[in-house]
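K.L.:
Need a 3D model of the following:
(one chain, ligands or ions: 1)
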Amino acid sequence: MKLWAIRAPKKLAEDTRRMLLQAGIIHPEARVRQENEYILIPVNGKPDPDELAGLAGSETGDNLTIIEAEFETKQKKPSLEDKLGFTPTFDVVGDIAIIDADDPEAVRIAIALMEFRKSLKVVLGAASPVEGEFRTRQFVVLAGEHRTHTVHKEYGCRYKVDLAGAYFSGRLGNERQRVADTVKPGECVVDLFAGVGPFSILIGRTVPGASVIAIDKNPAAVELLRENILLNKVDNVRAREDDARDVAVELEHRADHVIMNLPQSAREFLDTGIRVARDGGMVHFYDITHEDDLYRTSWELIQDAAARQGREVECVEKRVVRSYAPYQYNVCIEFRVT
Ligand code: SAM
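P.N.:
Numbering: from 1, shown residues only. Predicted coordinates:
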């Protein structure tokens, strides 16, 4: 293609290129080329000679010429989307990508992800929904190394994760940070469904003087939680392998914050959560609800549970955390207990 260009002696090529780059006038699609002792830099439109002289300074400017010349188009590096012909949906945890194993294009997507996302070492296909009491899922390895474990970095913390053995989602990072921001120095937090520890450890690391009791029933999750406490050097997070229901009596009225991140069935644990909260304590309650009833039923259940415990509740905030399935949302209701 024929374009306007700046012709510069080779010895001024780099300075000229930098100056034109700063001015934002280098043509993005044409390839710079040499001609004898000169370099030709394609530009967007015909430059004004005075402006060019102003940009270059008199010494360099005197050596530059404005010409028209033929240029080749740069070969654009194909993207993942170019390769596949569509934008794939995938989650990333550490160096593992997770896609839907039932996608007819799963293997092609997995191979393309390995080629275009150099930080990925494994592509897993999720072969079941998140299921069961421990909220785990089955995976098949579609590409890369044969493993389901990795280390995930989030908000300055590192988490050892084994996706086949214990729940972990990389999509909740902002939510964890948001909850951590509500905890004040010195407060006591009970994380009833702690998993490998992403809420607990973030709070332990970032809130001075906070103390966290992190509970999970899944032995595999608690083993990773203990490793993550060491990995992140937090000495104010205590891990416990337990059923959340069984801690209610021992931890009664102890917590300034109770985290109830078991959206599929946290409703069944409302009595426990409320009992563990001290007067004025805050419960961070997660639920899955239909778009026609985002908060109403959840709030009624919270009030019923509070009444059973002889306590009062006041809603502090309610919000949608993310969309969960068609017409269904993962919501959070934060309420104070008195
Ligand atoms: N909060 C963690 C996170 O953000 O990664 C884990 C959330 S995961 C949705 C819920 C966790 O609750 C799972 O790790 C599961 O093992 C645990 N769990 C399920 N039932 C439990 C119970 N009765 N008592 C304690 N933990 C339980």
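
K.L.:
got the residues of the stretch 201-338 of the chain near the ligand?
P.N.:
215-218, 221, 243-244, 261-262 (Cβ under 6 Å from any ligand atom). Glycine gets a C-beta too; all of them are placed from N, C-alpha and C.

K.L.:
farthest-separated two in those residues?
P.N.:
Between any two of those, the greatest separation by Cβ to Cβ is 15.6 Å, found for Asp243 and Asn261.

K.L.:
if you count what's nearby, which of the two comes out ahead?
P.N.:
Each of Asp243 and Asn261 has its neighbours counted (other Cβ atoms under 10 Å); Asn261 has more, 24 against 14.

K.L.:
Give me the residues contacting stretch 314-324.
P.N.:
Outside of stretch 314-324, the residues within contact range by Cβ atoms under 8 Å, 6 or more residues apart in numbering are 171-172, 175, 263, 282, 286, 288, 294-295, 299, 329-336, 338.

K.L.:
sorry, that was for stretch 238-255
P.N.:
If you take Cβ under 8 Å, 6+ apart as the criterion, stretch 238-255 is touched by 188-190, 192-194, 197, 211-217, 219, 222, 225-226, 229, 262, 269, 271-272, 275-279, 281.

K.L.:
list the buried ones in the strand or helix carrying Leu20?
P.N.:
Using DSSP states H and E, Leu20 maps to helix 13-23. Neighbour-count burial for helix 13-23 flags 13, 16-17, 19-20 (criterion: 16 or more other Cβ atoms under 10 Å).

K.L.:
in this protein, what residue is nearest the ligand?
P.N.:
Residue nearest to the ligand within the chain: Gly195 (2.6 Å; Cβ to the nearest ligand atom).

K.L.:
how far away is that residue from Ala266?
P.N.:
From Gly195 over to Ala266 the distance is 13 Å, taken as Cβ to Cβ, to the nearest Å.

K.L.:
and if you look at Val212?
P.N.:
Computed as Cβ to Cβ, the Val212 to Ala266 distance reads 18 Å.

K.L.:
Comparing the two, which shows the higher neighbour count?
P.N.:
Neighbour count, other Cβ under 10 Å: between Val212 and Ala266, Val212 has more, with 29 against 24.

K.L.:
Now for that one: which residues touch it?
P.N.:
By Cβ under 8 Å, 6+ apart, the contact list for Val212 reads 188-191, 200, 203-204, 236-238.

K.L.:
For the worst-scoring helix or strand of the chain on mean pLDDT, which residues meet the burial criterion?
P.N.:
Least confident helix or strand of the chain, by mean pLDDT, DSSP states H and E, is helix 58-61 with a mean of 71. Within helix 58-61, the residues that qualify as buried by neighbour count (16+ other Cβ under 10 Å) are 60-61.

K.L.:
and if you look at stretch 294-308?
P.N.:
By neighbour count on 16+ other Cβ under 10 Å, the buried set for stretch 294-308 is 294-295, 298-299, 301-302, 305-306.

K.L.:
Send me it as CSV with only the CA atoms.
P.N.:
Below are the C-alpha coordinates for stretch 294-308, written out as CSV (Å, rounded to 0.1, in the frame of the first residue of the first chain):
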residue,chain,number,x,y,z
LEU,A,294,-33.6,-12.3,45.0
TYR,A,295,-33.8,-11.5,48.7
ARG,A,296,-37.3,-11.8,50.1
THR,A,297,-37.4,-15.5,51.1
SER,A,298,-33.8,-15.4,52.2
TRP,A,299,-34.5,-12.5,54.5
GLU,A,300,-37.6,-14.2,55.9
LEU,A,301,-35.5,-17.3,56.7
ILE,A,302,-32.9,-15.1,58.4
GLN,A,303,-35.6,-13.5,60.5
ASP,A,304,-37.2,-16.8,61.4
ALA,A,305,-33.8,-18.2,62.5
ALA,A,306,-33.1,-15.1,64.6
ALA,A,307,-36.5,-15.4,66.3
ARG,A,308,-35.7,-19.0,67.2
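
K.L.:
Cool, thanks, talk later.
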